[in-house]
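**Q** A predicted structure for the sequence below; I have some questions about it.
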Amino acid sequence: MSDQKHRLATAKGEITVWVRRDKRLKKSSRWVQQPDGSVLMRVPAGLPRRDIPGLLERIAAQLDQPPRRVRRRTDADLQARAEKINRNFFAGKIEWQSIRWVGNMNTRLGSCTNGGATDGHIRISDKIKAWPDWVVDYIIAHELVHRLHPNHSRAFWNILTQGYPLAGQARGFIQGVGFAKGLDFLGDESE
């Protein structure tokens, strides 16, 4: 029996799901995402056809969930991470009041307030939680350095690039993601 093709709507777009009946499976189904983005779901050979839509809905729900590691990232984790970055890359000389994830940034990745009632408050976009750790660390480092230099001056870039060793690679990653999404995440950062 050949694989059956289904289309599945997810938050990330439409995905092709291939359903393959497998005589080795007795009760449960198994699925795996393929390198091309499609999903191969193996089901017991005798599974009734009416049960397939429910299994497809469960796959869609699982695909729409961020990875477990990403869901667990909290403001407390972010604070600990910022403290470690400050200690390891900037000799612990940077001070701030708070650092937290926020959901209202669409084109900015982070921000830092200098002066006023919210002096020392750093906000990081929760849209980057799933990005590689070394890129998120760069964004944290970038905002921390704004506590020393509020603008993107030559002194700002010198401290950031000398302090955080993967700054260039992280900026390249950010530019690539921005290009793919049609956004310029680094537009206000001239060197």
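**A** Nice, thanks for sending it over.
**Q** Can you name the element that comes right after the one helix or strand in the chain whose mean pLDDT sits lowest?
**A** Every helix and strand in the chain was compared by mean pLDDT, DSSP states H and E; the lowest is helix 68-71, with a mean of 47. Going down the chain from helix 68-71, the next helix or strand is helix 75-90, by DSSP states H and E.
**Q** Output whichever helix or strand comes after that following helix in PDB with nothing but the alpha carbons.
**A** Using DSSP H and E, the helix or strand that directly follows helix 75-90 along the chain is strand 98-102. Once side chains and other backbone atoms are set aside, the C-alpha atoms of strand 98-102 remain, and they are given as PDB (Å, rounded to 0.1, in the frame of the first residue of the first chain):
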ATOM      1  CA  SER A  98      16.200  44.400  35.300                       C
ATOM      2  CA  ILE A  99      16.200  42.300  32.200                       C
ATOM      3  CA  ARG A 100      13.100  40.600  30.900                       C
ATOM      4  CA  TRP A 101      11.500  39.000  27.900                       C
ATOM      5  CA  VAL A 102       8.800  41.100  26.100                       C
END
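**Q** May I see the buried residues of strand 98-102?
**A** By neighbour count, with 16 or more other CB atoms under 10 Å as the criterion, the buried positions of strand 98-102 are Ile99, Trp101. (C-beta placed from N, C-alpha, C; glycine too.)
**Q** Give the rounded mean pLDDT of that strand.
**A** Predicted confidence along strand 98-102 averages 93 (mean pLDDT).
**Q** Kindly report the same for stretch 9-28.
**A** Mean predicted confidence for stretch 9-28 is 86.
**Q** so what's the residue most central in space within the chain scoring on pLDDT?
**A** Closest to where the C-alpha atoms of the chain average out (CA atoms, centre = their mean) is Ala130, at 2.0 Å. At Ala130, the predicted lDDT confidence score is 88.
**Q** what about Arg123, neighbour count?
**A** Other residues near Arg123 come to 21 when the count uses other CB atoms under 10 Å.
**Q** doesn't Gln97 make contact with it?
**A** No - checked against CB atoms under 8 Å, the pair Arg123 and Gln97 is beyond contact range at 11.5 Å.
**Q** Quick check: which ranges of the chain have low pLDDT?
**A** Regions of the chain meeting the criterion pLDDT under 70 cover residues 1, 66-73, 187-191.
**Q** how is it carved up into domains?
**A** Structurally, the chain divides into domains by automatic domain parsing as follows: 4-65, 70-181.
**Q** quick one: the first one to chain centroid distance?
**A** To tie it back to what came earlier, the one meant is domain 4-65. Between the centre of domain 4-65 and the centre of its host chain there is 25 Å, according to CA atoms, centre = their mean, to the nearest Å.
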